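Engineer: I would like to see how this sequence folds:
(2 chains)
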Protein chains: 2
Amino acid sequence: MTARSIQIVEVGPRDGLQNEKVVLDPAVRAELVTRLERAGARRIEAVSFVHPKYVPQMAGAEAVMSALPSAAGHSRIGLVLNGKGYDRALGTSVDEVNIAMSATNGFGLKNQGLDVRGQVSMLSDILAGRRNSEGQPGTPSLSATLSCVWGCPFDGEVSVGQIADLVGEIAAMGVAEIALADTIGAGDPWAVTRKVEAARQAAPDTTLRLHFHDTRNTGLANAHAGIEAGIDVLDASVGGIGGCPFAPGATGNIATEDLVYMLHRAGFETGFDLDALIATARWIGDRIGRPAPSALSRAGGWPG
Amino acid sequence: MTARSIQIVEVGPRDGLQNEKVVLDPAVRAELVTRLERAGARRIEAVSFVHPKYVPQMAGAEAVMSALPSAAGHSRIGLVLNGKGYDRALGTSVDEVNIAMSATNGFGLKNQGLDVRGQVSMLSDILAGRRNSEGQPGTPSLSATLSCVWGCPFDGEVSVGQIADLVGEIAAMGVAEIALADTIGAGDPWAVTRKVEAARQAAPDTTLRLHFHDTRNTGLANAHAGIEAGIDVLDASVGGIGGCPFAPGATGNIATEDLVYMLHRAGFETGFDLDALIATARWIGDRIGRPAPSALSRAGGWPG
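Structural biologist: Numbering: from 1, shown residues only, chains lettered A, B, ... in the order given. Next comes the predicted model:
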């Protein structure tokens, strides 16, 4: 029997660094991308086309991309929050754009100045602009991430129906991959199962991807539930760097090396080299001035 | 529909404190027990009858027990590593004794000076001594914990068959509850499912209990897998205090408040008060001179 393969999208250079106090130069961020690709990353969220006034940690996305010679089999993703960001992305060599959206009005308004309807129409405008270039060489592929799927810091609980409706609508617009994000780490594995199943029913032909934060230590349990529910693509951040602006002192995304350890131990394939990941977690820990919070960078793998 | 209830056995005063550098007085350890019982603990591993030469952190088990007036509905457990420890336990007011055993010769020899056959015969002697008093008032109930079920720091991998055989043998000797322990935090949730299912087949009438360490961040994922496999009793340690002597720098047991958060969020009942647990985690953090490593004591629950 061939081992089941799980694709991990490395988001440390974006979601991780964006939530660190230290602002790193584009050259260092490009080096992080390169080190992660050497450790096995095939898809990597390398940059965010957000205005540097709002997120100074992500300034110089163009410089990061310029420092990365395109490489066959490696996909670099740029996060995009609106049409302006999308246009910036087109001016770079990003292979994919990921459109940030929110399951809730409260978070959408705070994060992007757009409620859910406003985000859907932003997405619609971007898709309309792509109509003639979709699938052409040089046109980045497109996915969307829905934040606050398991809870919103402003609007509170988010229902299964709310998620199913929105996923169905976005899928019907032609988005081939939709990530469901637990932005504040409020989900539990049983709720992951329920929302994944509902989203799949609403969008049976769409790739679903999961994005977990380990704010309350449920990240790997949620990943386990998602994989058991049939998910094959998950986001993770090297070292578990980053944090949660709504829970000061909390950790960030699930750590890539923690996820890789759990998956390899269970016989899944990821394409990552655990030791190289741990080394990269320590390297970025030195850059951000604090040890990476991941368990694997402290305990090491097992056996030996 | 009534919510499913999960029983959490609080092991912080024993497995947590035993792996901390700071040695706390019996009075402080008794206060920890009392605070945890006020936070909702109904079964609590309060003491270990190990020789203080080997584990100075556990010295004065008798003094801890003397400081705890017996309370209806509260069960205090004493860990026992051999016949001598069992006799010491009988001289106190412990409600339960938990017999430490190992799935592997290597760990058994290192931890107790007994290989697996030696442990089984130690257990057999203890059970023989109880024959006339079993179930009598004043006789503590008895359970066994099998360490290294998901890997041994000395003997390496541990097979499903090895666990099934040993669980079957211990159950046949008349032990009503057997805990399966991931002593070094090497397990993954899929392996949890497999070993729980094999153990249940080998001992269908025995209560199975799970004991996870969060050394490699898989603890709550393993708990999720165990609960999905039908387990209703899990060990956890307030604050996630303690560590792993085989992985310096690693964290200890899964944190009670992290497990309680995940379970309450999913609608399970535990009898614990999350806020009181977090307060107790902070209190013990002050006593041991470092912040409790649990996620919940940093991030807080959600919603509010």
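
Engineer: what segments of the stretch 201-304 of chain A are strands?
Structural biologist: Here the stretch 201-304 of chain A has its strands, by DSSP state E, counting those that start in this stretch, at A:207-212, A:233-236.

Engineer: so which of those is the most packed in?
Structural biologist: Stretch with highest mean neighbour count among the strands of the stretch 201-304 of chain A: strand A:233-236 (a mean of 26; mean count of other C-beta atoms under 10 Å in any protein chain shown). Where C-beta positions appear, they are placed from N, C-alpha and C, glycine not excepted.

Engineer: who does that one pair with, and is each partner parallel or antiparallel?
Structural biologist: strand A:7-10 (parallel), strand A:207-212 (parallel) (DSSP bridges).

Engineer: alpha carbons only: can I get the longest one in CSV?
Structural biologist: By that I understand strand A:207-212. C-alpha atoms of strand A:207-212 as CSV (Å, rounded to 0.1, in the frame of the first residue of the first chain):
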residue,chain,number,x,y,z
THR,A,207,-10.1,21.3,-2.8
LEU,A,208,-10.5,22.1,0.9
ARG,A,209,-7.5,23.1,2.8
LEU,A,210,-7.2,23.7,6.6
HIS,A,211,-5.4,26.4,8.4
PHE,A,212,-5.0,26.0,12.2
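
Engineer: gap between that strand and the chain center?
Structural biologist: 8 Å (C-alpha atoms, centre = their mean, to the nearest Å).

Engineer: and for stretch A:109-118?
Structural biologist: On C-alpha atoms, centre = their mean, the centre of stretch A:109-118 falls 19 Å from the chain's centre.

Engineer: contacts for it, please.
Structural biologist: Applying C-beta atoms under 8 Å, 6 or more residues apart in numbering or on different chains, the contact partners of stretch A:109-118 are A:81-82, A:100-105, A:108, A:119, A:122, A:147, A:154, A:166.

Engineer: likewise stretch A:146-156?
Structural biologist: A:100-107, A:109-111, A:157-158, A:163, A:166-167, A:170, A:178-184, A:186-188, A:191-192, A:195, A:246, B:302-303.

Engineer: if you set the cut-off to 7 Å instead, what comes out?
Structural biologist: A:100-107, A:110, A:157-158, A:163, A:166, A:178-184, A:186-187, A:191, A:195, A:246, B:302-303 (C-beta atoms under 7 Å, 6 or more residues apart in numbering or on different chains).

Engineer: re earlier: tell me which of the strands of the stretch 201-304 of chain A lies nearest to B:Leu17.
Structural biologist: Closest of the strands of the stretch 201-304 of chain A to B:Leu17 is strand A:207-212, at 31.5 Å (criterion: C-beta to C-beta).

Engineer: nearest to chain B among the contacts of stretch A:109-118?
Structural biologist: Distances from chain B to the contacts of stretch A:109-118, taken as C-beta to the nearest C-beta, are shortest for A:Phe154 (11.1 Å).

Engineer: coming back round to it: adding mean pLDDT, write the strands paired with strand A:233-236 out as TSV.
Structural biologist: Below are the strands paired with strand A:233-236 laid out as TSV (pLDDT from 0 to 100):
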stretch	mean pLDDT
strand A:7-10	98
strand A:207-212	98
